[in-house]
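sequence first, then the predicted structure, then my questions.
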Amino acid sequence: MTTSSSERGVSLGMPELPAPDYPDDVRTRLEADAREVIARYPDSRSALLPLLHLVQAEEGHVTRTGMQFCADVLGLTTAEVTAVATFYTMYRRRPSGDYQVGVCTNTLCAVMGGDAIFEALQEHLGVGNGGTTDDGKVTLEHIECNAACDFAPVVMVNWEFFDNQTVQSAKRLVDDLRTGARVEPTRGAPLCTFKETARILAGFPDEREGAVEATGGAGPASLVGLRLARGEAAPARVVHPREGGPHEEPQDGAVHEPSPTEHLSSHDAPQKTSASDPSHPAGPTAEEGE
């Protein structure tokens with residue numbers, strides 16, 4: 001004996017209508033951009049990721065129209081495009097703010113203050129994870145590791161770094177974004193809107209003055225392994241050991257004193273700069289070599 005879908009409480013509903021197309025002028029412009037992107041790859045379907053960034057730059061998120069466009073120009077099915085667009089969190093599936101504010105809540109950033117920052121910003125902005133402020137300026141979310149642990153806790157805005165944040169500095173940051181005040185990342189290119197960022201990620205040049213020259217590297221703690229692999233000697237430095245831990249003295253007996261231009265991590269012993277410790281607030285530090 002079988003039961004009908006209605007008896008099982010399942011509503012099949014009406015089939016979804018095809019996605020509306022872009023206006024003719026928009027589609028013509030996007031097709032020209034798409035041809036430029038596709039020409040970079042020996043297999044056209046390899047261009048799907050940058051093309052999703054391209055359509056995201058058009059509307060601020062990946063719409064059904066955008067996915068249909070990608071399928072059309074690459075000769076794919078919408079199911080194939082949708083599978084990719086829904087797999088990667090960098091593609092937004094609903095309207096979001098001009099500024100994507102991501103707070104790292106992975107282990108190290110969390111214990112250094114990331115959890116406190118995320119909770120404070122939710123209350124300050126009146127939104128939950130993935131929520132957007134009423135003015136359409138800021139979308140808040142917690143994000144996975146940004147490989148910037150020696151600058152923890154880290155907040156990213158449209159994928160640009162804001163290092164060594166505190167609850168207070170993060171609140172100032174989002175307030176400035178909402179009021180249109182000038183905001184400078186700790187390192188990396190100047191800040192731009194999420195749509196502009198998406199077009200850059202699609203592979204088109206950043207034509208803003210000084211943007212290409214701006215850069216920001218990893219901190220010394222992140223680069224130790226690379227330098228050792230290159231055969232470069234690590235600078236001698238005395239760090240007070242934990243109980244029973246190893247303690248190596250420099251061969252010449254000298255103690256390495258960090259220079260004012262040498263970046264130290266906010267959790268680099270014996271420095272007391274934990275952003276989680278109110279008595280030692282951590283602010284953005286100078287870039288190595290500046």
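Sure, I can see it. Numbers count the residues shown, from 1 in each chain.

C-alpha only now, for contacts and for neighbours.
Will do.

got the buried residues for stretch 129-139?
For stretch 129-139, a neighbour-count test (16 or more other Cα atoms under 10 Å) marks 130-133, 137-139 as buried.

one more: stretch 100-112?
Buried positions in stretch 100-112, judged by neighbour count with 16+ other Cα under 10 Å: 100-106, 108-112.

what's the first-to-last distance across that stretch?
With Cα to Cα, to the nearest Å as the measure, stretch 100-112 spans 22 Å from end to end.

who touches it?
114-118, 138-146, 149, 152-159, 174, 194, 274-276 (Cα atoms under 8 Å, 6 or more residues apart in numbering).

what subset of those residues is buried?
Among the contacts of stretch 100-112, those buried by neighbour count (16+ other Cα under 10 Å) are 114-118, 138-143, 146, 149, 152-159, 174, 194, 274-276.

can you map out the helices along the stretch 51-200 of the chain?
64-74, 78-85, 107-109, 115-125, 167-179, 194-201 (DSSP state H, counting those that start in this stretch).

would you mark the buried spots in the first one?
Judged by neighbour count (16+ other Cα under 10 Å), helix 64-74 contains these buried residues: 64-71, 73-74.

mind checking the longest helix of this structure?
Across the chain, the longest stretch assigned as helix under DSSP state H is helix 24-38.

surely residue 130 touches residue 122?
No: if you go by Cα atoms under 8 Å, residue 130 and residue 122 don't touch, sitting 10.0 Å apart.

between the two, which contacts overlap?
In contact with both residue 130 and residue 122: residue 140, using Cα under 8 Å, 6+ apart.

if we can go back for a sec, mind putting the helices of the stretch 51-200 of the chain into CSV with mean pLDDT and distance to residue 18?
Below are the helices of the stretch 51-200 of the chain laid out as CSV (pLDDT from 0 to 100; distance: least, Cα to Cα, whole Å):
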stretch, mean pLDDT, distance to residue 18
helix 64-74, 94, 9
helix 78-85, 94, 11
helix 107-109, 88, 43
helix 115-125, 95, 36
helix 167-179, 94, 36
helix 194-201, 92, 25
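
sorry, back to before: biggest separation within the buried residues of stretch 100-112, which pair?
Based on Cα to Cα, the longest span within the buried residues of stretch 100-112 runs between 100 and 111 and measures 22.5 Å.

for the stretch 101-250 of the chain, what spans make up the strands?
Taking DSSP state E, counting those that start in this stretch, the strands of the stretch 101-250 of the chain run over residues 138-143, 155-157, 160-162.

out of those, the one nearest residue 18 is which?
So among those, strand 138-143 is nearest, using Cα to Cα, at 28.8 Å.

pLDDT (mean, whole number) over that closest one?
On average, the pLDDT along strand 138-143 is 93.

starting at the chain centroid, how far to that strand?
Taking the mean of its C-alpha atoms, strand 138-143 sits 10 Å from the chain's own mean (Cα atoms, centre = their mean, to the nearest Å).

one step back: and which of the buried residues of stretch 129-139 is nearest to residue 207?
For these, the nearest to residue 207 is residue 137 (23.1 Å; Cα to Cα).

who's in contact with the closest one?
Counted by Cα under 8 Å, 6+ apart, residue 137 has contacts 97-99, 177-178.

can you list these in JSON lines and add distance to residue 126 and neighbour count?
Converted to JSON lines, these look like this (distance: Cα to Cα, whole Å; neighbours: other Cα atoms under 10 Å):
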{"residue": "97", "distance to residue 126": "14", "neighbour count": "22"}
{"residue": "98", "distance to residue 126": "17", "neighbour count": "22"}
{"residue": "99", "distance to residue 126": "16", "neighbour count": "25"}
{"residue": "177", "distance to residue 126": "15", "neighbour count": "18"}
{"residue": "178", "distance to residue 126": "13", "neighbour count": "16"}
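
quick one: residue 210 and residue 224, what's the gap?
Taking Cα to Cα as the measure, residue 210 falls 29 Å from residue 224.
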